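the following block contains a protein sequence and its predicted model.
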Amino acid sequence: KQEVTQIPAALSVPEGENLVLNCSFTDSAIYNLQWFRQDPGKGLTSLLLIQSSQREQTSGRLNASLDKSSGRSTLYIAASQPGDSATYLCAVKGTGNQFYFGTGTSLTVIP
Amino acid sequence: DGGITQSPKYLFRKEGQNVTLSCEQNLNHDAMYWYRQDPGQGLRLIYYSQIVNDFQKGDIAEGYSVSREKKESFPLTVTSAQKNPTAFYLCASAGNVQETQYFGPGTRLLVL
């Protein structure tokens, strides 16, 4: 069974700092990997989707990379802002059409 | 305006009662999913459906039931057999295997 791990569990940074969130998965047979943002008490919002054949995706200040062979993905956030404070989750889609989620990284950006 | 709606936002269940959570989507997606989220844990899959009138159990299906009579709707029933139902329930949908998942706003279930 696919296991997804996210490190660190919580992160606090001053505004303006660049930061990296990590996601690792145990089974490299995946269709894609997604990064989501979740605000307290809300649903998930998709940030970036990387197909298994891709190495990275970018959207604004966000860049996600995928190294399928080593079972790792990173989410890079440039010039962090207080509005970036949220929980970030990664999820991988396996061959059985199921998604497997990590436990998330809770990010706080201090003004 | 396309999207996924879940209702109610909050739901209270009494001992021995079955309750049903609603999930509707107008994205014309074939696949729909139900997840449970507990504090400090990732989302865990309860049930998913890839097509109308077909659904599969996820990792924690015991005490739950679903139906998929229409493409747009995937209601989840929390039965009295689910002894620890207090959680945040999220519904999602997706198109083909290459596409992203879209999530509803969630329903928080509390036990009285």
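Received it, and whenever you're ready, just let me know what you need. Numbering: from 1, shown residues only, chains lettered A, B, ... in the order given.

contacts only, for residue 17.
Because you didn't say which chain, this covers chain A. With contact taken as CB atoms under 8 Å, 6 or more residues apart in numbering or on different chains, A:Glu17 is in contact with A:Ala79, A:Ser80, A:Val109. Backbone N, C-alpha and C define where each C-beta goes, glycine included.

could you do chain B instead?
Contact partners of B:Gln17, counting by CB under 8 Å, 6+ apart, are B:Ser80.

that older thread, which of the contacts of A:Glu17 are buried?
With burial judged by 16 or more other CB atoms under 10 Å in any protein chain shown, the buried subset of the contacts of A:Glu17 is A:Ser80, A:Val109.

which positions in chain A make contact with chain B?
Within chain A, the residues that sit near chain B (CB under 8 Å from any CB of the partner chain) are A:4, A:31-32, A:34, A:36, A:41-46, A:49, A:51, A:89, A:91, A:93, A:97-99, A:101-104.

select only the buried ones of these in PyMOL?
Here is the PyMOL selection string for the buried members of the residues of chain A next to chain B, based on 16+ other CB under 10 Å:
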select buried, chain A and resi 4+31+32+34+36+42+43+44+46+49+89+91+93+98+99+101+102+103+104
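
and the residues of chain A next to chain B, which of them are in strands?
Members of the residues of chain A next to chain B lying in strands (criterion: DSSP state E): A:4, A:31-32, A:34, A:36, A:44-46, A:49, A:51, A:89, A:91, A:93, A:99, A:101.

and the two most separated of those?
By the measure CB to CB, A:Tyr31 and A:Thr45 form the most distant pair in those, at 20.4 Å.

low pLDDT regions in chain A?
Filtered on pLDDT under 70, chain A yields no residues whatsoever.

up against chain A, what does chain B have?
Residues of chain B lying close to chain A (CB under 8 Å from any CB) are B:4, B:6, B:31, B:33, B:35, B:40-45, B:48, B:50, B:58, B:88, B:90, B:92, B:97-106, B:108.

just the buried ones from those residues, in ChimeraX syntax?
Selection of the buried residues among the residues of chain B next to chain A in ChimeraX, burial being defined by 16+ other CB under 10 Å:
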select /B:4,6,31,33,35,42,43,44,45,48,58,88,90,92,99,100,101,102,103,104,105,106
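
so where does B:Gln6 fall, helix or strand?
Take DSSP states H and E as the rule and B:Gln6 turns out to sit in strand B:4-7.

B:Ala61 too?
Applying DSSP H and E, one finds B:Ala61 in no helix or strand.

list the contacts for it?
By CB under 8 Å, 6+ apart, the residues touching B:Ala61 are B:Ile46, B:Tyr47.

what's the answer for B:Glu24, then?
Each residue near B:Glu24 by CB under 8 Å, 6+ apart is listed here: B:Ile4, B:Thr5, B:Gln6, B:Glu72, B:Ser73.

in contact with the residue nearest to the first one when sequence neighbours are not counted: list those residues for me.
With CB to CB, 6 or more residues apart in numbering or on different chains as the measure, B:Gly104 is the residue that lies nearest to B:Ile4, at 4.0 Å, once sequence neighbours are left out. Neighbour list for B:Gly104: A:Gly43, B:Gly3, B:Ile4, B:Thr5, B:Gln6, B:Cys23, B:Gln25, B:Leu90, B:Cys91, B:Ala92 [criterion: CB under 8 Å, 6+ apart].
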